[in-house]
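Asker: generate coordinates for the sequence data below:
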Amino acid sequence: MSVLFPKVPKPRGWDYRPIYYDKEKEARKEKLARLHRGSFRETHELNTYKRKEQKQRKSKLLLWVALLFMLLVVFYYFL
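Answerer: Have a look, this model is predicted:
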């Protein structure tokens, strides 16, 4: 070690790298986040729930159409 010129560590340099938005990288991260344990079961349950709602909606619509048709037939015969 030198007495006249002691070694002093240099300060750390500025290392700035800007972060840009990468759409594909974000999509990959989302896909990995969705593939957690049990995710297939959750999506299956969600899809079956949606199908059940669609069936109920369709049956209600069919009921209303049938009632409307019957009402029109009744009015046609009585008028």
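
Asker: which pLDDT value goes with residue 60?
Answerer: Looking at residue 60, its pLDDT is 95.

Asker: now do the strands in this protein.
Answerer: Assigned by DSSP state E, the chain shows no strands.

Asker: which helix or strand in it has the lowest average pLDDT?
Answerer: One helix or strand of the chain scores below all others by mean pLDDT, DSSP states H and E: helix 23-34, with a mean of 87.

Asker: buried residues, that helix. List them.
Answerer: The neighbour-count check on helix 23-34 (16 or more other C-beta atoms under 10 Å) flags nothing as buried. For every residue, glycine as well, the C-beta is placed using N, CA and C.

Asker: what about residue 44, neighbour count?
Answerer: Look at residue 44: counted by other C-beta atoms under 10 Å, it has 10 neighbours.

Asker: give me the distance between it and residue 32.
Answerer: 19 Å (C-beta to C-beta, to the nearest Å).

Asker: do residue 16 as well
Answerer: Relative to residue 32, and taking C-beta to C-beta, residue 16 is found at 28 Å.

Asker: and the pLDDT at residue 47?
Answerer: 90.

Asker: now do the phi/psi pair for residue 15.
Answerer: phi -120, psi 90 (degrees, to the nearest 10).

Asker: number of nearby residues for it?
Answerer: 5.

Asker: try residue 50
Answerer: 10.

Asker: packing partners for the longest helix along the chain?
Answerer: In the chain, assigned by DSSP state H, the helix with the most residues is helix 39-78. Contact partners of helix 39-78 among helices and strands, from 3 or more C-beta pairs under 8 Å, 6 or more residues apart in numbering; DSSP states H and E: none.

Asker: mind listing what's buried in it?
Answerer: So, applying 16+ other C-beta under 10 Å, helix 39-78 has no buried residues.
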